[in-house]
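>>> Structure of the sequence below:
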Amino acid sequence: MKSPAGMGLLTGGTAPAFNGQYASLFPGAFLVAQTDLNLAFSGTLRPNAANTGTAGINLSGNFLGPRVPITVVNVDVTPVLFDIYFDGGIVPAMTNINLGIGLPTPLTGAGAGISLTRTAGTVGFEDNWRATASVLLDQSGGGWHYSQATDSLRSVVTPGLNGKPGLLFEGQQWMQSLLSLSSYPFQVCFVGRIIPTGAQTSICGGVGPPGAYQGGIITQAGTTQSLQQYNGGAALGALAPAPLVPMLVVGTYDAVGANSNLKVGSSAPVAAGGDIGGSSVTGGTPRRIGSVDATRQSNFELFLITIAPPLASLAPLIAALNSPQGYGTGAIQT
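Below you'll find the model as predicted:
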C-alpha cells in the first residue's frame, strides 16, 4: 500500500509499500519496536502469584515458526501432569504431559522447536506458569533495544491481534532502552490497549530529574477513566478517554530539557510538560515502557512503539495498522 498523494511521511515524499514491518513507515526512525518481530523469550516461565507449589518451568530452544504465547497448567497432582496452551487458547494444545524433573520435553505444533523442563520442587493443583519476554529488538537499525534482565519484572507474552503477539505489562513490570536523543523535535507513537483493574495504570513512563516521575497515566474513578500526562508526580489534566480497545496514542517533544514539551493525541507541540515515551532525555536517562513505581503500576498490552522525527501525516501509519498485514480492518482506534 502507498500513501495518497500529499500524504507522504516525509515532506514531498511518499510512504514505502507496507510489508508488515513498521520500520518501513518511519524513515530515519530512532527506534521502532514491534512485538511480532524478534521478540526474545525469557528462559524461565513465570509462576502465577496464586501458585501453591515451588517447582519452576524452564524454556529452551527456538521456535521453528512464529512465536506464540505459552502457558503451562498442572491438571493432576498424582502423578504430576500438565496441560500446555499455545497462543492463549482455551483448549490445551498438549494434554496430560509428564514434564519430568530435569528432563527436557519437546513441544509440538505451534510450539515446535521449544522444550520445557521442570525443576525440582512441589507442584500444586492448577498451578500455572506463563512465558515472558526478555528483549524487544529495535527495528530501526539503531540498536536501541528494550530489555529487562529480572524475571519478575518481565512482561507476559500474549496472543495479541491478527496472529501477532503482544506484551502484557501487569503490576510493576517494565522494559527499558538506553536511547538518548539530542535532536528535536521527535515523536512517539504508542499502540496498545489498557486493561483497567486499578486506580492508576502507567502506559509509558520513566524517571526524569531526581525524585520526579514523568509519564502517561490512566486514572480510574468507578467506571470513568481518563488519560493524563504526569510531570514530577503532578497530573496535568485529562486528555482523552482511556482505551479499552487497541489504540494509537501520539506525543511530540519539541525542546531539550527535563520537561520536554509534549502533546498527547496531536502532532503539534504545545507548552505543557510531560513524557509519554519514557523518561526525560536529560542526562541520557534510559527510556522505559511500563511501571515506574509501586503506586503507578502498568496494566496494558503493548503492540508497537516508535520514536522518530515527526510525521507529515499519520494516515499511512493508521492505514497500515488496520490493514490485513497489520492488525486487521478497524482493529486499532485512533
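>>> In a strand, Asp83, correct?
Yes. Membership of Asp83 in a strand is supported by DSSP: H, G, I helix; E, B strand; the rest coil.
>>> Give me the pLDDT for Arg130.
With respect to pLDDT, Arg130 scores 95.
>>> okay but it is in contact with Val156, surely?
Yes. Counting by CB atoms under 8 Å, Arg130 does reach Val156; the two are 5.0 Å apart. Any C-beta I mention is one placed from the backbone N, CA and C, and that applies to glycine too.
>>> Next, show the common contact partners of these two.
Arg46, Pro69 (CB atoms under 8 Å, 6 or more residues apart in numbering).
>>> Any figure for the gap between Ala320 and Glu301?
19 Å (CB to CB, to the nearest Å).
>>> same deal with Thr334?
Relative to Glu301, and taking CB to CB, Thr334 is found at 17 Å.
>>> ok, now Ile97?
28 Å.
>>> neighbour-wise, which of those two wins?
Glu301 (23 against 18; other CB atoms under 10 Å).
>>> Surely the more buried one is in contact with Lys164?
No. In this structure, Glu301 is not within contact of Lys164 by CB under 8 Å, at 11.2 Å.
>>> which ones are touching Met247?
Contacts of Met247 (CB under 8 Å, 6+ apart): Val191, Gly192, Arg193, Ile194, Ile332, Gln333, Thr334.
>>> Any figure for the gap between the last one and Cys189?
In this case it means Thr334. Distance from Thr334 to Cys189, by CB to CB: 10 Å.
>>> joint contacts of the two?
Contacts common to Thr334 and Cys189, judged by CB under 8 Å, 6+ apart, are Leu248, Leu314.
>>> out of the two, which sits in the busier spot?
Cys189 (25 against 14).
>>> excluding its backbone neighbours, what's nearest that one?
Thr306 (4.6 Å; CB to CB, 6 or more residues apart in numbering).
>>> I'd like the next helix or strand past the host helix or strand of that neighbour.
Per DSSP states H and E, Thr306 falls inside strand 298-308. Downstream of strand 298-308, the next assigned helix or strand under DSSP H and E is helix 315-321.
>>> Can you show me the CA trace of stretch 170-178 as PDB?
Provided in PDB are the C-alpha atoms of stretch 170-178 (Å, rounded to 0.1, in the frame of the first residue of the first chain):
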ATOM      1  CA  GLU A 170       0.900  -6.100  34.700                       C
ATOM      2  CA  GLY A 171       1.800  -4.700  38.100                       C
ATOM      3  CA  GLN A 172       5.300  -3.300  38.500                       C
ATOM      4  CA  GLN A 173       6.800  -4.600  35.200                       C
ATOM      5  CA  TRP A 174       8.800  -2.700  32.700                       C
ATOM      6  CA  MET A 175      11.400  -2.700  29.900                       C
ATOM      7  CA  GLN A 176      13.900   0.000  29.100                       C
ATOM      8  CA  SER A 177      16.200   1.200  26.300                       C
ATOM      9  CA  LEU A 178      19.300   3.400  26.700                       C
END
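>>> Pull out the buried residues from that stretch.
Glu170, Gly171, Gln172, Gln173, Trp174, Met175, Gln176, Ser177 (16 or more other CB atoms under 10 Å).
>>> In JSON lines, list those residues along with distance to Leu45 and pLDDT.
Converted to JSON lines, these look like this (distance: CB to CB, whole Å; pLDDT from 0 to 100):
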{"residue": "Glu170", "distance to Leu45": "15", "pLDDT": "84"}
{"residue": "Gly171", "distance to Leu45": "17", "pLDDT": "77"}
{"residue": "Gln172", "distance to Leu45": "19", "pLDDT": "78"}
{"residue": "Gln173", "distance to Leu45": "15", "pLDDT": "84"}
{"residue": "Trp174", "distance to Leu45": "19", "pLDDT": "80"}
{"residue": "Met175", "distance to Leu45": "18", "pLDDT": "86"}
{"residue": "Gln176", "distance to Leu45": "22", "pLDDT": "82"}
{"residue": "Ser177", "distance to Leu45": "25", "pLDDT": "81"}
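>>> In helices, which of the residues you listed appear?
Within those, no residue falls in helices by DSSP state H.
>>> taking the residues you listed one by one, which sit in strands?
Glu170, Gly171, Trp174, Met175, Gln176, Ser177 (DSSP state E).
>>> thinking the second one is in contact with Asn299, fair?
So the one you mean is Gly171. Yes. Assessed by CB under 8 Å, Gly171 is found in contact with Asn299 at 7.5 Å.
>>> what about Asn48, how many neighbours?
13.
>>> Identify the residues contacting it.
Per CB under 8 Å, 6+ apart, neighbours of Asn48: Asp127, Asn128, Trp129, Arg130.
>>> quick one: it from Thr119, how far?
16 Å.
>>> In contact with Gly124, which residues?
So, once contact is read as CB under 8 Å, 6+ apart, Gly124 ends up touching Asn51, Thr52, Gly53, Asn74, Val77.
>>> and the gap between Ala149 and Gly43?
Distance from Ala149 to Gly43, by CB to CB: 12 Å.
>>> Name the residues contacting each of the two.
Ser134.
>>> So those two - more neighbours on which side?
Between Ala149 and Gly43, Gly43 has the larger neighbour count (other CB under 10 Å), namely 13 against 10.
>>> residues contacting that one?
Residues counted as contacts of Gly43 (CB under 8 Å, 6+ apart) are Asn58, Leu59, Ser60, Ser134.
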